[in-house]
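Participant: prediction below, plus the sequence it came from.
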Protein chains: 2
Amino acid sequence: MVRVCREHVSLQEARKIILEAVREAGFPRIDRIPTQEGLGFVLAEDVLSRRNVPHYAASAVDGYALLAAETGGATPATVVRLPQDRFLWMNTGSPLPDWCDAVVMVEDTSLAENGDLLLSKALPPGANVRPVGEDVMKGQILARWGERVDPPLAALLLGAGVEEIPVYRRPKCLFLPTGDEICPIREWVATEEGPRGKVPETNSALLKGIFQEWGLDLEIHSVLPDAADLIREKLKEATQTYDLVLIGAGTAKGKRDHTAEVISAEGEILFRWVRMKPGRPALFGRVKDALVFGIPGFPMSAAVAAWSLVAPAVFSMSGIPVGEMETDALLRRSLGAFESLRCEMMLPHSSPPGMEEWLRVKAAELIGKKTFWILSSGASTMWSMHEADGFALLPAETAECPKGTGVTVWFRQPVPWSRRALFQGSDDPAFTRIVTPVRKKGADLAIRPVGSLGGLAALARGEGHLAACHLLDGKTGRYNDAFIEEFANGEPWVRVLLYYREQGFLVAKGNPRELSGIVDLVEKEIRIVNRQPGAGTRVLLDWFLQEAGLERSRVAGYTTQAMTHLDAASRVASGVVDAALGIRAAADAFSLDFVTMAWEPFELVIPEKHLEHPGVKAVLESIRDPEWRRQVEAAGGYRWPD
Amino acid sequence: MVRVCREHVSLQEARKIILEAVREAGFPRIDRIPTQEGLGFVLAEDVLSRRNVPHYAASAVDGYALLAAETGGATPATVVRLPQDRFLWMNTGSPLPDWCDAVVMVEDTSLAENGDLLLSKALPPGANVRPVGEDVMKGQILARWGERVDPPLAALLLGAGVEEIPVYRRPKCLFLPTGDEICPIREWVATEEGPRGKVPETNSALLKGIFQEWGLDLEIHSVLPDAADLIREKLKEATQTYDLVLIGAGTAKGKRDHTAEVISAEGEILFRWVRMKPGRPALFGRVKDALVFGIPGFPMSAAVAAWSLVAPAVFSMSGIPVGEMETDALLRRSLGAFESLRCEMMLPHSSPPGMEEWLRVKAAELIGKKTFWILSSGASTMWSMHEADGFALLPAETAECPKGTGVTVWFRQPVPWSRRALFQGSDDPAFTRIVTPVRKKGADLAIRPVGSLGGLAALARGEGHLAACHLLDGKTGRYNDAFIEEFANGEPWVRVLLYYREQGFLVAKGNPRELSGIVDLVEKEIRIVNRQPGAGTRVLLDWFLQEAGLERSRVAGYTTQAMTHLDAASRVASGVVDAALGIRAAADAFSLDFVTMAWEPFELVIPEKHLEHPGVKAVLESIRDPEWRRQVEAAGGYRWPD
């Protein structure tokens, strides 16, 4: 039923098919538009000047027109005097009188009492004169086929009297979101939590924004249900008006995925499945004179499909010679990247073989090296797309990447390399808010929550500038000392006691299982979610169990893991588990009840050699920032040290 | 009368004064706007999530929800069978039923005839399930103060139900062009040549375009005459509505320069004269709550004032923390540069001491080195602003730069380094049109007209990939042979006879001085413009004079120089001179009469080692391009070789 030309294509093959289809469909198409509206358009022909610019010999300065021959010998010491009929005042741009051949700048003159001109500078003929056609000569090429009209060119064309220019039309583009589960944004934001089983229609904002960054408009259709007939009808309609139609979702092989079927019924599919991750279910086809993409529904998939597939299509439909662009330049432009830089992986990474893999990366400079780590790889997550400094694309042949592997990263914003400190360590919601005061001081802080132990280990490996921990030593019952000593391994590390945090059990409102202490976990068969190994909170749980003489295996859910306090809290809030050990702030954020178990010191740890790092200095200064301290106090469950 | 705070400031001092004034005037100012309209705005506060995203446990794939424990042992060889009440179809995004804890992808299943599910894969609990808050947790920071709303963030905020965001207001900006000589564009393009003594109002298009590249709007006022009272009135009015007012021109010390006086009368001037070239007469002040710039009138001066002075003002008024940005990053953003690269000067350059100097540069890769040369440095010329690949800023302490000096260039477009050939040689209007067919073949050609001898000398120095010449040997009366042999110096150079060009005297319509041969120059005292030394046309004139036994000194205007044929033609057309030796195409372009003197061979010269350069290959292919050949034939005065 679905006729498909090519399946499981590489990005390069996909791009080739796209560019061929663009050409076959007769794009780019030529238009003549007023020069005044031409900004950003690509010229469809060479444009020649029909006039000289300037069109008369003009003074290039404010001063006096005169005959150069009459200025001979003038210096500040030997002033030359000209009578009033031998010079004439010129404003910049004034036409030079026929009998003059030079202009002296007003700064090099003074006027005598009788009105004579006193010259302190001799001039050659032509001095400070703009000859006819100095800028542009009649018949000269002003701009060439394929050049983009930028502000200087717009000014040049108008200055040369060019009223209209031949340009390539911009494609008219439409986005057709589909899916029974898709909730329009207006309804979505109007509800407290969002209707159950529905997901917000965020791809319209995402794609419209990406098009806007490209200087193009993307019209947005209302959300269509998963009904093949209706989608087909709308597609048919759309291809009569639009040059390019993006169908949102429905591109995979599920029961409600109709995009391929619909395109196939009205036209033809030119490729389906792209060997990249995410974005694999992208597809591309043609319906009459229009080109059609099936855009996968997850936001990261939609973004990479736009950047790597839709961009070459709309660029070349707009007359930009994409076929000739190097991949780096093309993707940099597609992504709206500020720059592309070669950086090193901070940690090893396994990439799926045979597929190009998109990475969301965050970067920091470590020991003079531009280093990056990879943020969450889920196609469905939007937070990491924003949190990322940039994006990278690993080639299909990449499999195991050891630490230090060099990768080109497209940065969407400049990274403040020398001013950004890297924090790895315990997750703490109040601490994450310190980034803003740090930035207000002109520095930056990247936070990578890896648990207390993970942070100390990272510091020891040189992967970062500071850490934080709250680690209870099971042998001594003391916090942090032994761990820091071990990892510092003789190097001088500075400790800063930031605050005490209230640790306890997060339980549903009203504490329905009546949890009051550690033994209840076993006796009342309370199901928990634990934290990852190396997290201080997990160490604390282990300590409580050890003190109470309880086996870990008797606690239901001991082996499940949440990566952050808020993650743990959200699982309690949703009822998946009964309880989790965590901080009060997390309970408060989810309106949970809280059973206090301990106040533990939360300490920053900084190798002495990093104390002068601008990011570290800004963190230490920000600890006294009143606004941040108010946020910490408002969060609840924090106590300042005496 | 004009109170001035600081004069002759460096760019860095100017920037400091600007940022202080921005702060003192209470910018940036906070606004709350709908998230849907937030693209490009800068957040004025941290934004926290008020919901979990997703807000229910959802299937991450199309497949069947089930209990992971019941899939144990399933492989393609040992299929596990589940009865119909132990699984449930899930679309991607469907809510997971309470009794399930995993989803198997449809690809890993098949259905038995009785409706049972056949599983070929065992799953751990949680497989293919998106937990509550997987993307964003309630209470988590979505985005921070100072971050720009880009498409991923817009989608994220909407997905997290954030309807409104606190952002920094964009400044309302107005451009007030002034000047008696300024002709509005509408009038300008309506005339054939432009009114004498008037210059077109191109800075509105230039500045509006630059603001548009920054994502900002610049409103344009109609042109004001040079009347201090009127400008003052309009400025006063404007500062009640606008945050930033740019006054066009009137910033120097001429009799009609009122900008400083007017700002001073209504407010205060914070600096005047900037130690850069061009752009020196820029000034900055404050009138009530508004900031005011005086923008010099020449286009290049206006552009650099916008890039280096106005940009930091409007960026920081919009909430972008400019103070913390490195100069390179700031200017790259101001210029809308695609990238900044360190390149080497192809030729030596003298920079004015004590001033930063802006360069318009064109670049090419020579022997693996990214090299650039400097285009015309006149502040008044627009053509070179468009022709430039990029811009550079030489520090104030720079004076003499030898060949090879390294300079950072901000490129506005990617340079096709490996595919661009550099041509230096004889100026020929028809040859310049070959660039477009070359580009259509995916290569590029940069043309630097330096005359026939200059081109051969450049080739010999390795500065370029091909040249062209038409050099008559005064000893033998033969063209090119001796010169090419001398410069090639034993290296194999390939010659391609492109065409014969008709050389002759360009004279006014009707040939009023009745010029018919070389002796008329002397006998009829005809005033000429010559070409620069090394130009083939000058060599030809010398040959004619030598053959006729005439002294060069007897020809009026022999020592004056035009750099191109069109330049020479335009001087004849404007009546400054009576005649010039040149090609017929130039006469035709200016509707001049033409007195044929010779047909000379125009030869391309290519060192053999460059024959495989993509740019050179494309030039050689383009010689047969029918469209280009039509253009050559239409130009007149060209004859193809037999």
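Facilitator: It's in. Remember, predicted model here, so these are calculated numbers, not experimental data.
Participant: list the contacts of residue A:384.
Facilitator: A:300, A:360, A:375, A:376, A:378 (Cβ atoms under 8 Å, 6 or more residues apart in numbering or on different chains). All C-beta spots, glycine's among them, are computed from the backbone N, C-alpha and C.
Participant: repeat that for residue A:365.
Facilitator: Contacts of residue A:365 (Cβ under 8 Å, 6+ apart): A:371, A:417, A:418, A:420.
Participant: that one should be in a strand, yeah?
Facilitator: Yes. Secondary structure of residue A:365 (DSSP: H, G, I helix; E, B strand; the rest coil): part of a strand.
Participant: quick check: bridge partners of it?
Facilitator: For residue A:365, the beta-bridge assignment (DSSP bridges) gives partners residue A:370.
Participant: now the residue nearest the centre of chain A, what are its backbone angles?
Facilitator: What sits nearest the mean C-alpha location of chain A, by Cα atoms, centre = their mean, is residue A:412, with 4.1 Å. According to degrees, to the nearest 10, the main-chain angles of residue A:412 amount to phi -80, psi -20.
Participant: separation between the residue lying farthest from the centre of chain A and chain B?
Facilitator: When distances are taken from the C-alpha mean of chain A, residue A:114 lies farthest, 68.6 Å away, according to Cα atoms, centre = their mean. Between residue A:114 and chain B the distance, using Cβ to the nearest Cβ, to the nearest Å, works out to 20 Å.
Participant: just residue A:467 next, same as before
Facilitator: On the measure of Cβ to the nearest Cβ, residue A:467 and chain B end up 20 Å apart.
Participant: need the next SSE after the helix or strand hosting that residue, C-terminal direction.
Facilitator: For residue A:467, the element it lies in under DSSP states H and E is strand A:467-469. Towards the C-terminus, the helix or strand next in line after strand A:467-469, according to DSSP H and E, is helix A:481-488.
Participant: just checking, what packs against that following helix?
Facilitator: In this structure, helix A:481-488 packs against helix A:452-460, strand A:493-507, strand A:593-607, with contacts taken as 3 or more Cβ pairs under 8 Å, 6 or more residues apart in numbering or on different chains; DSSP states H and E.
Participant: swap the cut-off to 6 Å and go again
Facilitator: Secondary structure elements in contact with helix A:481-488, counted by 3 or more Cβ pairs under 6 Å, 6 or more residues apart in numbering or on different chains; DSSP states H and E, are helix A:452-460.
Participant: list the buried ones in the helix it packs on?
Facilitator: Neighbour counts over helix A:452-460 (16 or more other Cβ atoms under 10 Å in any protein chain shown) mark A:452, A:453, A:454, A:455, A:456, A:457, A:458, A:459, A:460 as buried.
Participant: tell me if I'm right that residue A:416 and residue A:443 touch.
Facilitator: No. Contact criterion Cβ atoms under 6 Å: residue A:416 and residue A:443 do not qualify, at 7.4 Å.
Participant: which of those two has more residues huddled nearby?
Facilitator: residue A:443 (24 against 20; other Cβ atoms under 10 Å in any protein chain shown).
Participant: quick check, that one in contact with residue A:419.
Facilitator: Yes. The pair residue A:443 / residue A:419 is scored as a contact, 4.6 Å apart, by Cβ under 6 Å.
Participant: please enumerate the shared neighbours of those two.
Facilitator: Both residue A:443 and residue A:419 are contacted by A:614, A:615, under the criterion Cβ atoms under 6 Å, 6 or more residues apart in numbering or on different chains.
Participant: shaky segments in chain A?
Facilitator: Applying pLDDT under 70 to chain A picks out residues A:1-4, A:254.
Participant: which residues of the stretch 451-600 of chain A lie near chain B?
Facilitator: Proximity of the stretch 451-600 of chain A to chain B is confined to A:566, A:570, A:574, A:589, A:590 under the rule Cβ under 6 Å from any Cβ of the partner chain.
Participant: show me just the buried residues among those.
Facilitator: The neighbour-count test (16+ other Cβ under 10 Å) applied to those identifies A:566, A:570, A:574, A:589, A:590 as buried.
Participant: could you measure from the fourth one over to residue B:160?
Facilitator: Distance, residue A:589 to residue B:160, by Cβ to Cβ, to the nearest Å: 14 Å.
Participant: turn the buried residues of helix A:452-460 into CSV, columns for distance to residue B:407.
Facilitator: Formatted as CSV, the entries for these read as follows, by distance: Cβ to Cβ, whole Å:
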residue, distance to residue B:407
A:452, 49
A:453, 49
A:454, 45
A:455, 43
A:456, 46
A:457, 45
A:458, 40
A:459, 40
A:460, 43
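Participant: list the contacts of the one residue in the stretch 501-642 of chain A that gets nearest to chain B.
Facilitator: For the stretch 501-642 of chain A, the nearest residue to chain B under the criterion Cβ to the nearest Cβ is residue A:589, separated by 3.3 Å. Under the criterion of Cβ under 6 Å, 6+ apart, the contact partners of residue A:589 comprise B:138, B:139.
Participant: can you give me phi and psi for it?
Facilitator: The main-chain torsion angles of residue A:589 are listed as degrees, to the nearest 10 and equal phi -60, psi -30.
Participant: can you check residue A:189 too?
Facilitator: Taking degrees, to the nearest 10, you get phi -70, psi -20 for the backbone angles of residue A:189.
Participant: identify the residue spatially nearest to it, adjacent ones excluded.
Facilitator: residue B:163 (4.6 Å; Cβ to Cβ, 6 or more residues apart in numbering or on different chains).
Participant: now do the one you found against residue B:33, distance only.
Facilitator: Shown here: residue B:163 relative to residue B:33, a distance of 10 Å by Cβ to Cβ.
Participant: please save the CA atoms from stretch A:328-347 in CSV.
Facilitator: Written as CSV, here are the backbone C-alpha positions of stretch A:328-347 (Å, rounded to 0.1, in the frame of the first residue of the first chain):
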residue,chain,number,x,y,z
ASP,A,328,29.7,21.8,8.9
ALA,A,329,28.7,25.1,7.4
LEU,A,330,25.3,23.8,6.5
LEU,A,331,24.6,22.4,9.9
ARG,A,332,26.0,25.4,11.6
ARG,A,333,23.5,27.5,9.7
SER,A,334,20.7,25.1,10.2
LEU,A,335,21.2,25.0,13.9
GLY,A,336,21.7,28.8,14.1
ALA,A,337,25.0,28.0,15.8
PHE,A,338,27.2,30.7,17.0
GLU,A,339,30.3,28.7,16.3
SER,A,340,31.6,25.2,15.8
LEU,A,341,34.5,24.0,17.9
ARG,A,342,36.4,20.8,18.3
CYS,A,343,36.0,19.6,22.0
GLU,A,344,36.9,16.5,23.9
MET,A,345,34.6,14.0,25.6
MET,A,346,34.9,14.2,29.4
LEU,A,347,33.6,10.7,29.8
